[in-house]
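>>> The sequence and its predicted three-dimensional model are supplied below.
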Protein chains: 2
Amino acid sequence: MQRFVNDPDHVVEDLLAGYVKAHPETAISTRNPRVLALADPVPGKVGLVTGGGSGHEPAFLGYVGPGLLDAAAVGEVFASPPAKVFYDAFVEADQGAGVACLFGNYAGDNMNVKMAVDMAEDDGIVVKYVVATDDLASAPADAVSRRHGIAGGFFMWKIAGAAAAEGADLDRVVAVAQDVVDRTRSLCVGLEPLTIPAVGQPGFSITPGTMEVGIGHHGENGIRTETYTSAADAAAIIVEAVLQDFAFSGPRRLAVMVSGLGATPAMEPYIVYGAVASELEAHGHAIVESYVGDFVTSLDMNGVSVSVIDLDENLHRLLKAPGRAVGLPTY
Amino acid sequence: MQRFVNDPDHVVEDLLAGYVKAHPETAISTRNPRVLALADPVPGKVGLVTGGGSGHEPAFLGYVGPGLLDAAAVGEVFASPPAKVFYDAFVEADQGAGVACLFGNYAGDNMNVKMAVDMAEDDGIVVKYVVATDDLASAPADAVSRRHGIAGGFFMWKIAGAAAAEGADLDRVVAVAQDVVDRTRSLCVGLEPLTIPAVGQPGFSITPGTMEVGIGHHGENGIRTETYTSAADAAAIIVEAVLQDFAFSGPRRLAVMVSGLGATPAMEPYIVYGAVASELEAHGHAIVESYVGDFVTSLDMNGVSVSVIDLDENLHRLLKAPGRAVGLPTY
């Protein structure tokens, strides 16, 4: 597949250069060319940082904005930013009230964040972290700490970002973020695999008439292959898995996100959403907020992720609190 | 390519069903299942309507929202809505101050809008219309009235929507919309063609190493095929064509939109934007607002459109006025 890139080995530089030109309320840190930060930080506020590999746009940099995150550590395509990049993001985000690093659970990110936290502590910057583990396909329910973070991270960034914006201290921000993580589940299905620009071909193939359930965000195939007949079938499989994992004891108030994975035409997440919503409502749950579009992607993968969060009143209020960021819709 | 659809002949019904479930501030009209309208219209305001074929999401329905449009006439994939659908959208949008229909210049839409305007007049509803003609590839500069409307319609909907929201009368709204049209140019390039779900295969192919310049939004190939080497080359060709068509006499204050066309990975419009912005700035122009993402798409086309508007102070103010819609970002 042909791509709008210049040099496949320099897509991240070109992405960042275009991004900060388009969004001057963000800037590349003068201390590190792989740190994107708010141009005007808020003095005294807990700083919020995320980070991870590129190729998931608008994540991660697209969630830096007023009312959301203060800085992002930007890695190469599908590669964790080195510890020094996270560290420099912490330094950018720190406004004297400590830093919360809210990232997705992957081995590289875990290792680099922990090293960066130690580096920051040596400099007197307090950093606490919360690890998103919403991808229920990536480990069983009795091993949640091994699960990866995918599009459900949106809820963590938005809700914890709103808590920090209204003045919560570091411990409170971290507690809110962890509460969001505990209340969020996601699952992906893929209809076509992705291609990393510098590799030039997909790592596996998907046979027409089948879908990969639980497909990963870095070119990994799913945890199982199922017959694919329609968006509604895919939605039913996803909702069944999500509800089984939540094991709710009664009706809940949910927010639901359906994200395209990069090459999914804009019409299709809505078709999936319609079926997901009908399934959830048939189980007695109320959907109080919906997000449909491209929120966390995987280069040119043709697939969707569905993320569900079990809201309480306060989390719902924080989810709807004002904010501005590339990944945050106006509706 | 596999798709997240249920029945290829019923994608529009399924899209609309999912859409209104996700966005309860909009509703399907009780008088016509192909009219999407604001659930709570604003009494006394000039009503704004658009419409067109489906497959361009978030256009057209995604621009119905407070501060933007009041209703959209929704057609089949790449097919104009019948006159009756436009008419019913006018009826939904009319709040006693008349209706402005702001749509893209295509033969079917033109014919159906004009019939619908006559039908509305018979009922005492005053409807005026403005036709977007931003696609400079679709006819030469001395035949602007034959040019098609593409992603530049965003500027018309947002700016005229803001004028209506602040109380402008019908003549003023129409004048503002026409001013926007006169000041907007767009051009697309395609790297891979699209596939209509009910057809199942592309209507032409693009040879690797080439791009289609001026590709249409309905599976039409471009006006010329050029060697494709990089995003920067594509940007240079686009900017040259746009600036030649504008024929500015001096530096201008521009808003720029780079829209992915459906299957374009989210990273890539930013890479194109960076090169477009550099080219425009090298010509002495200032970019005062930027929009990068999926704004007007063409099913699963792998391509980008670049739209440029030459702003004055009032148009800039209206562009930044508050509004909420699926296609309107928070930044």
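Now that the structure is in, tell me what you want to look at. Numbers count the residues shown, from 1 in each chain, chains lettered A, B, ... in the order given.

>>> So residue A:256: helix, strand or coil?
Three-state secondary structure (criterion: DSSP: H, G, I helix; E, B strand; the rest coil) places residue A:256 in strand.

>>> Tell me who's in contact with it.
With contacts taken as C-beta atoms under 8 Å, 6 or more residues apart in numbering or on different chains, residue A:256 has the following neighbours: A:273, A:276, A:277, A:280, A:287, A:289, A:290, A:291, A:306, A:307, A:308. Quick note: C-beta positions are derived from backbone N, CA and C, even for glycine.

>>> any idea of the pLDDT on the closest residue to chain B within the stretch 101-250 of chain A?
When scored by C-beta to the nearest C-beta, the stretch 101-250 of chain A has residue A:191 as its residue closest to chain B, at 3.9 Å. Model confidence at residue A:191, expressed as pLDDT, equals 97.

>>> so who does the residue lying closest to residue A:82 once chain neighbours are set aside touch?
Taking C-beta to C-beta, 6 or more residues apart in numbering or on different chains, and ignoring the residues beside it in sequence, residue A:82 has residue A:112 as its nearest neighbour in space, at 6.0 Å. Residues counted as contacts of residue A:112 (C-beta under 8 Å, 6+ apart) are A:80, A:81, A:82, A:83, A:85, A:86.

>>> Out of the residues you listed, who's the most crowded?
Scoring the contacts of residue A:112 on neighbours with other C-beta atoms under 10 Å in any protein chain shown, the highest-scoring entry is residue A:86 at 35 neighbours.

>>> which residues sit against the helix or strand hosting that residue?
Here residue A:86 sits within helix A:83-93, counting by DSSP states H and E. When contacts are taken as C-beta under 8 Å, 6+ apart, the neighbours of helix A:83-93 outside the stretch itself are A:29, A:31-32, A:34-35, A:37, A:41, A:47-49, A:51, A:70-75, A:81, A:99, A:101, A:111-113, A:115-117, A:119-120, A:123, A:125, A:127.

>>> Make a PyMOL selection of whichever of the residues you listed turn out to be buried.
In PyMOL, this line selects whichever of the contacts of helix A:83-93 come out buried by 16 or more other C-beta atoms under 10 Å in any protein chain shown:
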select buried, chain A and resi 29+32+34+35+37+47+48+49+51+70+71+72+73+74+75+81+99+101+112+113+116+117+119+120+125+127
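
>>> Filter the contacts of helix A:83-93 down to just the ones in helices.
Secondary structure from DSSP state H places A:111, A:112, A:113, A:115, A:116, A:117, A:119, A:120 of the contacts of helix A:83-93 in helices.

>>> returning to what we had before: need the contacts of residue A:256 in JSON lines (columns: secondary structure, neighbour count and distance to residue B:24).
Converted to JSON lines, the contacts of residue A:256 look like this (DSSP: H, G, I helix; E, B strand; the rest coil; neighbours: other C-beta atoms under 10 Å in any protein chain shown; distance: C-beta to C-beta, whole Å):
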{"residue": "A:273", "secondary structure": "helix", "neighbour count": "30", "distance to residue B:24": "13"}
{"residue": "A:276", "secondary structure": "helix", "neighbour count": "31", "distance to residue B:24": "16"}
{"residue": "A:277", "secondary structure": "helix", "neighbour count": "23", "distance to residue B:24": "11"}
{"residue": "A:280", "secondary structure": "helix", "neighbour count": "21", "distance to residue B:24": "15"}
{"residue": "A:287", "secondary structure": "strand", "neighbour count": "19", "distance to residue B:24": "10"}
{"residue": "A:289", "secondary structure": "strand", "neighbour count": "17", "distance to residue B:24": "10"}
{"residue": "A:290", "secondary structure": "strand", "neighbour count": "21", "distance to residue B:24": "8"}
{"residue": "A:291", "secondary structure": "strand", "neighbour count": "23", "distance to residue B:24": "13"}
{"residue": "A:306", "secondary structure": "strand", "neighbour count": "27", "distance to residue B:24": "19"}
{"residue": "A:307", "secondary structure": "strand", "neighbour count": "26", "distance to residue B:24": "19"}
{"residue": "A:308", "secondary structure": "strand", "neighbour count": "29", "distance to residue B:24": "18"}
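
>>> Near chain B, list only the ones from these.
Checked against chain B using C-beta under 8 Å from any C-beta of the partner chain, the contacts of residue A:256 give the following subset in range: A:273, A:277, A:287, A:290, A:291.

>>> which residues sit in contact with the first one?
Contact analysis of residue A:273 by C-beta under 8 Å, 6+ apart lists A:256, A:258, A:290, A:292, B:18, B:21, B:22.
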